[in-house]
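Coordinates for the following, if possible.
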Amino acid sequence: MRFLLSCLLVAGLATAPVLAETDDDDEIARPLAGLMAAPNRTKLPEVMLSVGEPLGGPWELRSGGYYSVEITSDGSGEIGLAGADFFHAIWVDEVVIEGLEVRPTGLHSLEFDDPGTMKITFIAVKPGSYALSIPGSTGESQRLAITIE
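You can find the predicted model right below:
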């Protein structure tokens, strides 16, 4: 019985439906359930956290898109990123810090006390305009504008 179920499962995976070629040259045919597959991930530009340096951006994201971003601090100061509205508008898949994977139900903010890098993978969900900013800063360069379409 187990052998029969295994064969049926393998046969079902081998014949998984694939989207037909699209009329739009920008679209790529993908397996229907492949949203979180590595080839479907869009890598965003790295965010560098350094005292007095701009955050970069802006980001233009698509609702339903799967994204990854590395956030790196150079250790020039204790620096955080706040953006509760943005973090509530995305579904966080995982946060990787020094090889340790965390799968939180959500984020509110991030903070670096020492130099290091964290990688965040997420799905953009709720369309709107958002920002990540360094808490307590007022300059426009200390703010990363984000739009989810």
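
Do a quick rundown of the helices in this structure.
2-14, 84-88 (DSSP state H).

now what about the shortest one, what contacts it?
Outside helix 84-88, the residues within contact range by C-beta atoms under 8 Å, 6 or more residues apart in numbering are Gly106, Leu107, His108, Ser109, Lys126, Gly128, Tyr130, Ala131, Leu132, Ile146. For the C-beta atoms, the positions are set from N, CA and C on the backbone; glycine is no exception.

residue contacts, Cys42?
In this structure residue 42 is Thr, not Cys. Thr42 is in contact with Gly65, Tyr66, Tyr67, Ser68, counting by C-beta under 8 Å, 6+ apart.

doesn't Ile123 make contact with the second one?
Yes. The criterion here is C-beta atoms under 8 Å, and Tyr66 meets it with Ile123 at 5.4 Å.

Which one's more surrounded, those two?
The neighbour count for Tyr66 versus Ile123, taken as other C-beta atoms under 10 Å, is higher for Tyr66 (19 against 16).

Start and end of stretch 119-131, how far apart?
Across stretch 119-131, the terminal residues are separated by 18 Å (C-alpha to C-alpha, to the nearest Å).

What residues of that stretch count as buried?
For stretch 119-131, burial by neighbour count (16 or more other C-beta atoms under 10 Å) applies to Lys119, Ile120, Thr121, Phe122, Ile123, Ala124, Tyr130, Ala131.

now stretch 71-84
Under the neighbour-count criterion of 16+ other C-beta under 10 Å, stretch 71-84 has Ile71, Thr72, Ser73, Ile79, Gly80, Leu81, Ala82, Gly83 buried.
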